[in-house]
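**Q** Below is the sequence, then the predicted model.
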Amino acid sequence: MATLSSHAVGAPLMLRRPAAGAAPLLPLFGRQQVAAPRRGAAAPLARRQSSARCQAAPAAAPATATAEPKFEPQVCVVLGTQWGDEGKGKLVDILAQEYEIVARAQGGANAGHTIYDNEGNKYKLHLIPSGILNPKATCVIGNGVVVHLPGLFEEIRGMQERGVQVEGRLLISDRAHLLFDLHKEIDGAREAELAGTGKQIGTTKRGIGPAYSSKATRNGVRVGDIKRPEQFAEKLRKLAQDGYKRFEGFEYDVEADIKAYQDMAATVKPFIADTVHQINQWYDDGRKILIEGANATMLDIDFGTYPYVTSSNPSIGGVLTGLGIAPNRLGAVIGVAKAYTTRVGAGPYPTEIFGQLADELREIGAEYGTTTGRPRRIGWLDMVALKFASQINGLTHLNLTKLDVLSDLEEIKVGVAYRAPDGSLLPSVPEDLELLEKCEVVYETLPGWKQDISKVRTWEDLPENARKYVQWIEDRLGVHCKWIGVGPGRDAVVEKPVASFVAAKR
């Protein structure tokens, strides 16, 4: 039987018994747990040995001869379940080959998605939906997105220079709010004010927060305003006053920006549409719609580690309001999660790994931000956070990505519970960040597989322990892990038969 252990966020790990009088340390998911290695003391991957290992879930039952049911919901949503950078763009790109409409509902250019075509060519997208590589798909930037038009059109030009046709295939909501260079300047000024206070958010400085602030305070400028030049100019002048009044020495040439947008208007107008009407019309016509989430649930402004979050709702609610689509029209909600976790920027990160192991996983997984290039923080899979995200979003399927990154490990830790200072186990992710920082993470350890899986393409061909790891996650989440990423390429995906999920539940 595995030993019970836990460690405080931000403190060295140690084996210990529960304090006298404390609540008994019961596993959150019905199994006993072991501790993760001490911070900064991890041995090289090839030499890591298991000191205590629990029994993993039984191997999944072999797929039967029954034909795998076809995945074909009319409306499908793909959402991030962790702190972003889970690999949502890749799944959207794959699914988009079967969908006629691919839409984004929230966020801005702070969301970087890296995708590959069939020839292995790499594309980095920030505002354009990942379905753009399917020449038959129409892409939509919904009303919930904040749009920096110069950046968007730079992205469009870059795609067209590489032979990807965008004109006639991309619609921008007339209700979407515009993000100006003004917002970027304010974003940087706010972060500068917080420098040295320990309260910096670690934003991308892309102006996302200030743009959503303008929207919330009802002095924002919308894409549709471009069609009304005088109204556009008046609104932007009023908006600029916020920066001038708020920050001493604030520099922003509002008249130059007004002229730049007036010059751009003729280019932009063919892309502008009433996407709320259009999305619902497409649905009524029976068209298939794929919705691409940006950022992730643990960065949600309501459900994430506030204030270390993004400025929109990357959870399911943001999809509904960001496109104007009703909840009863959604056919599937897919959560995307890495086989471990990463985070960019400041904020609590309970299962964070430090030292040599973190450095090695960062290099193996190429964990550097698509938008900023910043090195990502690395951590073990956090089942408390994943279950929290699943409950909020009502996940119907799971896409587990980057399983191959763990292939060199002798053992793999998974966080299964948070224990409060009084010894009690928290039922979910707390809103109190001070409490979260003081919590101890309870881990369970599973055996690694020590085998390259980057060429594997079927569930049955994965190593036994890799299948056990996936099955373990699926069992505890209660959601079918349909797609498993084993490499960066479009084809580097293993589909897990639904029969194995059903069999495991019996």
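**A** Good, I have the coordinates.

**Q** unless I'm mixing things up, residue 339 is touching residue 407, no?
**A** No. In this structure, residue 339 is not within contact of residue 407 by CB atoms under 8 Å, at 10.0 Å. To be clear about C-beta, it is placed using only N, CA and C from the backbone, and glycine gets the same treatment.

**Q** Looking only at neighbour counts, state which of the two leads.
**A** More crowded of residue 339 and residue 407, by other CB atoms under 10 Å: residue 339, with 24 against 19.

**Q** Next, count neighbours for the closest residue to that one other than its chain neighbours.
**A** Residue nearest to residue 339 in three dimensions, not counting chain neighbours: residue 403, with 4.5 Å by CB to CB, 6 or more residues apart in numbering. Neighbours of residue 403 under the rule other CB under 10 Å: 24.

**Q** Pull the contacting residues for residue 403.
**A** 339, 453, 466, 469, 470, 484, 485, 486 (CB atoms under 8 Å, 6 or more residues apart in numbering).

**Q** all helices for the stretch 251-400 of the chain, in order.
**A** With DSSP state H, counting those that start in this stretch as the definition, the stretch 251-400 of the chain shows helices at residue ranges 254-268, 275-284, 316-323, 356-364, 383-393.

**Q** Please tell me how far the nearest residue to residue 229 once chain neighbours are set aside sits from residue 149.
**A** Distances taken as CB to CB, 6+ apart place residue 262 nearest to residue 229, at 5.9 Å, with adjacent residues excluded. Residue 262 sits 12 Å away from residue 149, going by CB to CB, to the nearest Å.

**Q** so what pLDDT did residue 128 get?
**A** The score at residue 128 is 94. That number is its pLDDT.

**Q** How about residue 345?
**A** Looking at residue 345, the pLDDT reads 85.

**Q** wait, isn't it in contact with residue 307?
**A** No. Counting by CB under 8 Å, residue 345 sits too far from residue 307 to count as a contact (11.2 Å).

**Q** neighbour-wise, which of the two wins?
**A** Shown here are residue 345 and residue 307; by other CB under 10 Å, residue 345 has more neighbours (21 against 12).

**Q** Just give me the longest helix of the chain.
**A** helix 229-246 (DSSP state H).

**Q** Quick one: distance of that helix to the chain centre.
**A** 33 Å (CA atoms, centre = their mean, to the nearest Å).

**Q** Stretch 307-314 too?
**A** That offset, for stretch 307-314, works out to 12 Å (CA atoms, centre = their mean).

**Q** next one: stretch 289-303
**A** With CA atoms, centre = their mean, you get 7 Å for stretch 289-303.

**Q** Over to stretch 154-172?
**A** 24 Å.

**Q** ok, now stretch 357-372?
**A** The answer for stretch 357-372 is 15 Å, by CA atoms, centre = their mean.

**Q** Am I right that residue 175 is in contact with residue 145?
**A** No. The criterion here is CB under 8 Å, and residue 175 misses it with residue 145 at 9.9 Å.

**Q** Which one of those two is surrounded by more residues?
**A** residue 145 (30 against 17).

**Q** what's near enough to touch that one?
**A** 104, 105, 106, 107, 108, 127, 173, 176, 322.

**Q** what's across from it in the sheet?
**A** residue 107 (DSSP bridges).

**Q** Against residue 456, how distant is it?
**A** 36 Å.

**Q** Could you do residue 119 as well?
**A** Taking CB to CB, one finds residue 119 at 21 Å from residue 456.

**Q** With neighbour numbers in mind, choose between the two.
**A** Using other CB under 10 Å as the criterion, residue 119 and residue 456 rank with residue 456 on top: 20 against 7.

**Q** tell me the SS of that one?
**A** Using DSSP: H, G, I helix; E, B strand; the rest coil, the structure places residue 456 in coil.

**Q** same for the longest helix of the chain, what does it pack against?
**A** helix 181-194, helix 254-268 (3 or more CB pairs under 8 Å, 6 or more residues apart in numbering; DSSP states H and E).

**Q** and those, which is most packed in?
**A** Among the helices and strands packed on helix 229-246, helix 181-194 has the highest mean neighbour count (mean count of other CB atoms under 10 Å), at a mean of 18.

**Q** ok, residue 187 - contacts?
**A** 203, 205, 206, 207, 208, 209, 210 are the contacts of residue 187 under CB under 8 Å, 6+ apart.

**Q** Same question for residue 272.
**A** 171, 172, 173, 174, 223, 224, 226, 227.

**Q** Spatially, and excluding backbone neighbours, which residue is closest to residue 320.
**A** residue 327 (5.8 Å).

**Q** do you know how far the one you found is from residue 321?
**A** From residue 327 to residue 321 the distance is 11 Å (CB to CB).

**Q** now do residue 193
**A** 30 Å.

**Q** Same check on residue 396?
**A** 20 Å.

**Q** higher neighbour count, these two?
**A** A count of neighbours by other CB under 10 Å puts residue 396 above the other of residue 396 and residue 321, at 18 against 15.

**Q** now the end-to-end length of stretch 168-185.
**A** 32 Å (CA to CA, to the nearest Å).

**Q** which SSE is residue 444 in?
**A** strand 440-447 (DSSP states H and E).

**Q** immediately after that strand, which helix or strand?
**A** helix 464-477.

**Q** buried stuff in that following helix?
**A** Within helix 464-477, the residues scored as buried using 16 or more other CB atoms under 10 Å are 465-477.

**Q** Alpha carbons of it, as PDB, please.
**A** The C-alpha trace of helix 464-477 is given here as PDB (Å, rounded to 0.1, in the frame of the first residue of the first chain):
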ATOM      1  CA  GLU A 464       0.600  -0.700 -21.000                       C
ATOM      2  CA  ASN A 465       1.600   1.900 -18.400                       C
ATOM      3  CA  ALA A 466       0.700   4.700 -20.800                       C
ATOM      4  CA  ARG A 467      -2.700   3.200 -21.200                       C
ATOM      5  CA  LYS A 468      -3.000   2.800 -17.400                       C
ATOM      6  CA  TYR A 469      -2.200   6.500 -16.900                       C
ATOM      7  CA  VAL A 470      -4.800   7.600 -19.400                       C
ATOM      8  CA  GLN A 471      -7.400   5.200 -18.000                       C
ATOM      9  CA  TRP A 472      -6.600   6.400 -14.400                       C
ATOM     10  CA  ILE A 473      -7.400  10.000 -15.400                       C
ATOM     11  CA  GLU A 474     -10.500   8.900 -17.300                       C
ATOM     12  CA  ASP A 475     -11.800   6.800 -14.400                       C
ATOM     13  CA  ARG A 476     -11.400   9.700 -11.900                       C
ATOM     14  CA  LEU A 477     -12.800  12.300 -14.100                       C
END
